[in-house]
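**Q** Test case, fold it:
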Amino acid sequence: MAKRLIDAGFDLSIWNRSPEKMRRFQQQAELAISPSAAITDADIVISMLENGDIVDLVLFKNETYKKMKPGALYIDMSSIPPTTARKHAQLIEQHGAFYLDAPVSGGTTGATEGTLSIMVGGPQNLLQRAQPIFNCLGSAIRVGDVGCGQLCKLANQAIVGITIGAVAEALLLATKGGADPEAVHKALSGGFASSRVLELHGKRMLNRDFTPGATSRVQLKDLKTILDEARHEELSLPLSQRTYESYLSLVANGNEHVDHSGLLLELEHLNNTQLKSIVDNA
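**A** Numbers count the residues shown, from 1 in each chain. Have a look, this model is predicted:
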């Protein structure tokens, strides 16, 4: 995402919790020594962090956000609880700056290609102000007031997590009975079950390529947030609950850093079997 903004001509001041991740940009952007140094002179501040606790730690608990210029726009593209987004928005606005929550979906491929789906919570006029940024990164849609971007991301993650589980079960069921796994994947992709999850993550399962785009740990975090939000709204979400339990077991068995398509590994462990790979089936 930073590369796309640089390539579009934006001047960036970059900070990362892992300094080695910044080095590739040392000839293209200013490398800040701290979050406060990164945001002090910025007209627009963007954060992309793993969860709400880390956003709090980096920008709010030590009041770093007060280093922002009055009138600056803060865009949080992290995936955090809606209540946390609303709390942060209130603090930012009290400081005299502006806030949008704008989590994304599309993974590393979408970030590289500039095809991310950006789910925006906040006023329409602020979306218009941020539009040149969003145009570099993907397609932005306003889904409601502050916090609604995070609600939309939770909806996205519920669909993704549950569908990954469905794809893993379907492929294991069909191939355990003797069907060709690659042919099953192709047949399903042409029918009503077709989806991006089946296309991309089903392929990962067949190739046994669980190099993380989004990790199982992060998917587990998102599912927990979904269930927390559901309890707050007095909703029962049994499919999300069951998927959460599966990811919880996957992570507990030492697979926290595998791609979230690695939920197949938990299903294999549960059934003491293994999905045939394309290579094995050739």
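
**Q** Please count neighbours and contacts with C-alpha atoms only from this point.
**A** Will do.

**Q** Spell out the secondary structure type for residue 142.
**A** strand (DSSP: H, G, I helix; E, B strand; the rest coil).

**Q** Apart from its chain neighbours, what residue comes closest to it?
**A** In this structure, residue 142 finds its nearest non-sequential neighbour in residue 120, 4.5 Å apart by C-alpha to C-alpha, 6 or more residues apart in numbering.

**Q** which ones are touching that neighbour?
**A** Counting by C-alpha atoms under 8 Å, 6 or more residues apart in numbering, residue 120 touches 100, 101, 102, 103, 127, 140, 141, 142, 143, 144, 148, 149.

**Q** hmm, try it at 10 Å
**A** Going by C-alpha atoms under 10 Å, 6 or more residues apart in numbering, residue 120 touches 75-77, 100-104, 126-127, 140-153.

**Q** do the same with residue 51
**A** By C-alpha under 10 Å, 6+ apart, the contact list for residue 51 reads 78, 79, 80, 81, 218, 221, 222.

**Q** For residue 22, see how far away the fifth one is.
**A** So that's residue 218. Residue 218 sits 22 Å away from residue 22, taking C-alpha to C-alpha, to the nearest Å as the criterion.

**Q** re earlier: and the residue nearest to residue 142, its phi and psi?
**A** phi -110, psi 130 (degrees, to the nearest 10).

**Q** now residue 62
**A** Dihedral angles for residue 62 - degrees, to the nearest 10 - are phi -100, psi 10.

**Q** Correct me if wrong: it contacts residue 56.
**A** Yes: contact criterion C-alpha atoms under 10 Å: residue 62 and residue 56 qualify, at 8.5 Å.

**Q** Looking at those two now, which is surrounded by more residues?
**A** Between residue 62 and residue 56, counted using other C-alpha atoms under 10 Å, the more crowded position is residue 56 (16 against 10).

**Q** Enumerate every residue touching that one.
**A** Residues in contact with residue 56 (C-alpha under 10 Å, 6+ apart) are 62, 63, 64, 65, 84, 88.
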